[in-house]
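**Q** Give me a model of this one.
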Amino acid sequence: MVSLGRLLQVVHQERVALSASTFATFFLPAFVSYFAMGVLVQRKRTAMIRYALLPVTLLCAYRAGSSLDFSFGTPNYRYLNQGLALAMFTLAMRSTAWAFVKKPYQRIALQPKKTFNGDPMSGSTKYQLTAVDDTPLFTAIWNAWDLSVNLRGIGWDWAEGLHIPKSSCGTKSTTGFLLSTLAKLLFYAVAFDATSGAARDFSPETFGSVEGGTIFDASLPPLSRYTRSTITTILSGWTAYFVIELVYQIHAIEFVLLFGQTPSQWPPLFDAPWLSTSLTSFWGHKWHQMFRECFISVGARPLSYLLGRTGGVMGAFLLSGALHYFGLAAMGRGGHPAVVFGFFIMQAIGLILEGMWKRCTGLRVHGFWGLLWTWLWVVFWANFMVDAWARVGLVGSRFFPDDYRPTVLLVHFLKHYFTLFGSGRFLM
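**A** Numbering: from 1, shown residues only. The predicted model follows:
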């Protein structure tokens, strides 16, 4: 048995390799306390227990995120420690939000072949609250499994106001959904590998390696230097988009196939963010909304009480900055806080400027000029953010073994196919 003192001890030492023992000692306490919060937030008269459990949950999450080494000491796999830190920070944010919830969360029944407020979820679902005075304990435990991984709140009452992108594929059977999701998974895997590889190829010896380096090459003239850094930034932005989509499609197949969830519980994650005509639309609903609950409850709401809408916007982006900073710092090369927080503060300032423009002119930012403004603002400040990624070796990380990269496998498949096709035509 692990003593309580050892369990809650905050360590300041080198990360320990992942094993059954370290998993049970570091990771499991964080997940169990998080899961318990997920059960309690569905039950009435649990506020005091949630308040008491919150510090324990936060401490366990910090301990797991800062102590475990998912890279097994291999520099090329340090990005796995970033993933662990992001997961633990998310766990901490959600637990904090749940601790201060005034009304217990309720699971919502999903009725197929109906619409919800005229906006179909994956084209075919309606929300309907289950009329219960208090969620029974066994039901709350069962629901907590869904709640623990359901970041957007699909099928829960607390997701009110969430923008759900419409599916371009319409209503499908489960088999059709799985096949289309598999096709998207393969596409995103190839696209992720292609864009990450292209970014690395700009400078294999510096930021294209796990040792890292700046994307701003001082030996180049200013125009060439910043053109190169901007192309690298755009490629890295697409890489981030593709990897998030890739992981989402994997989980969609996993939960539908293995856990019997319905396709309506896995609507699209993004809403064509490249077509955003304002920063408000980009961050408000076109980019993924997985952290919406946390950013509003923990970041925006407290500061909005003090500073109004401006404080709310700034609070949400400051919390997003903290999430990304701790993830980057987990790679062990420094988190570059000024750059990471600076990027998100400037996004908040951009949204505030759009609000001022609307109040002064009566017009919202939109159309072609809004599209141009959005791209310029995001990409300009993202240059410095991606430079921080590059300096810690994230851009240079190799996510697949060289012989099994999706792009390499695709090229081999196409060469084999055309060889066979050509031989067949010759024989005919």
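**Q** Low-confidence regions, the stretch 51-200 of the chain specifically.
**A** The stretch 51-200 of the chain contains residues with pLDDT under 70 at 109-133, 169-172.
**Q** what residues are up against residue 70?
**A** The contact partners of residue 70, taken as CB atoms under 8 Å, 6 or more residues apart in numbering, are 18, 77, 80, 81, 83, 84. To be clear about C-beta, it is placed using only N, CA and C from the backbone, and glycine gets the same treatment.
**Q** ok, the spatially closest residue to it that is not a sequence neighbour to residue 91 distance?
**A** Spatially, and ignoring its direct neighbours in sequence, residue 70 is nearest to residue 80 (3.8 Å; CB to CB, 6 or more residues apart in numbering). Distance, residue 80 to residue 91, using CB to CB, to the nearest Å: 17 Å.
**Q** More neighbours: which of the two?
**A** residue 91 (23 against 19; other CB atoms under 10 Å).
**Q** Any buried residues in the one helix or strand that one maps to, and which?
**A** Assigned by DSSP states H and E, residue 91 falls within helix 79-99. By neighbour count with 16 or more other CB atoms under 10 Å, helix 79-99 contains the buried residues 79-82, 84-99.
**Q** what's the answer for stretch 56-75, then?
**A** 56-71, 75.
**Q** In helices, which of these fall?
**A** 56, 57, 58, 59, 60, 61, 62, 63, 64, 65, 66, 67 (DSSP state H).
**Q** Looking at those residues, which is nearest residue 241?
**A** residue 65 (24.4 Å; CB to CB).
**Q** all strands of the stretch 1-150 of the chain, in order?
**A** Ranges of strands within the stretch 1-150 of the chain are 16-17, 68-69, 108-112, 125-129, based on DSSP state E, counting those that start in this stretch.
**Q** Walk me through which strands the first one pairs with, and which way each runs.
**A** So the one you mean is strand 16-17. Sheet pairing here is set by DSSP bridges, and for strand 16-17 it gives strand 68-69 (parallel).
**Q** now what about the partner strand, what contacts it?
**A** With contacts defined as CB under 8 Å, 6+ apart, strand 68-69 is touched by 14, 15, 16, 17, 18, 22, 23, 26, 27, 81, 84.
**Q** Now list the buried members of those residues.
**A** 15, 18, 22, 26, 27, 81, 84.
**Q** can you list the contacts of residue 70 in a markdown table and add distance to residue 211?
**A** Formatted as a markdown table, those follow (distance: CB to CB, whole Å):
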| residue | distance to residue 211 |
| --- | --- |
| 18 | 24 |
| 77 | 14 |
| 80 | 18 |
| 81 | 16 |
| 83 | 20 |
| 84 | 22 |
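**Q** ok, which pair from the residues you listed is furthest apart?
**A** 18 and 83 (12.4 Å).
**Q** Which elements pack onto the longest helix along the chain?
**A** Across the chain, the longest stretch assigned as helix under DSSP H is helix 222-259. When contacts are defined as 3 or more CB pairs under 8 Å, 6 or more residues apart in numbering; DSSP states H and E, helix 222-259 sits against helix 174-201, helix 367-391.
**Q** Would you check that residue 34 makes contact with residue 97?
**A** No - contact criterion CB atoms under 8 Å: residue 34 and residue 97 do not qualify, at 11.8 Å.
**Q** Quick one: the helices in the stretch 201-350 of the chain, in order.
**A** Per DSSP state H, counting those that start in this stretch, the stretch 201-350 of the chain has helices spanning 222-259, 279-281, 292-294, 301-329, 337-361. These are given in chain order.
**Q** Could you list the residues in contact with the third one?
**A** It refers to helix 292-294. Against helix 292-294 from outside (CB under 8 Å, 6+ apart): 90, 93, 94, 96, 97, 151, 152, 153, 158, 159, 162, 319.
**Q** what's the closest of these to residue 177?
**A** Of all these, residue 152 has the smallest distance to residue 177: 17.6 Å, by CB to CB.
**Q** is it true that the closest one touches residue 289?
**A** Yes - look at residue 152 against residue 289 with CB under 8 Å: they come within range, at 5.8 Å.
**Q** and residue 337, what is it in contact with?
**A** Applying CB under 8 Å, 6+ apart to residue 337 gives the contacts residue 325.
**Q** picking up where we left off before, would a markdown table of the contacts of helix 292-294 with distance to residue 192 be doable?
**A** As requested, those are arranged in a markdown table below (distance: CB to CB, whole Å):
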| residue | distance to residue 192 |
| --- | --- |
| 90 | 21 |
| 93 | 26 |
| 94 | 26 |
| 96 | 32 |
| 97 | 30 |
| 151 | 20 |
| 152 | 22 |
| 153 | 27 |
| 158 | 31 |
| 159 | 28 |
| 162 | 26 |
| 319 | 27 |
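**Q** Now the two most distant members of the residues you listed.
**A** Greatest spatial distance among the contacts of helix 292-294 (CB to CB): 96 and 162, at 19.4 Å.
**Q** Report the rounded mean pLDDT for stretch 385-395.
**A** Mean pLDDT, stretch 385-395: 95.
**Q** And stretch 302-311, by the same measure?
**A** Averaged over stretch 302-311, pLDDT sits at 92.
**Q** Could you give me the buried positions within stretch 302-312?
**A** So stretch 302-312, judged by 16+ other CB under 10 Å, has buried residues 303, 304, 310, 311, 312.
**Q** ok, and what's touching that stretch?
**A** Residues outside stretch 302-312 that contact it (CB under 8 Å, 6+ apart): 300, 301, 314, 315, 318, 352, 355.
**Q** can you dump the C-alpha coordinates of that stretch into PDB?
**A** Extracted in PDB, the C-alpha atoms of stretch 302-312 (Å, rounded to 0.1, in the frame of the first residue of the first chain):
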ATOM      1  CA  PRO A 302     -14.100  34.900 -12.800                       C
ATOM      2  CA  LEU A 303     -12.400  37.700 -14.600                       C
ATOM      3  CA  SER A 304     -15.600  38.900 -16.200                       C
ATOM      4  CA  TYR A 305     -17.000  39.600 -12.700                       C
ATOM      5  CA  LEU A 306     -14.100  42.000 -12.200                       C
ATOM      6  CA  LEU A 307     -13.500  43.500 -15.600                       C
ATOM      7  CA  GLY A 308     -16.600  42.800 -17.700                       C
ATOM      8  CA  ARG A 309     -16.500  41.300 -21.200                       C
ATOM      9  CA  THR A 310     -12.900  42.400 -21.700                       C
ATOM     10  CA  GLY A 311     -11.800  40.500 -18.500                       C
ATOM     11  CA  GLY A 312     -13.800  37.500 -19.600                       C
END
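**Q** Many thanks, have a good one.
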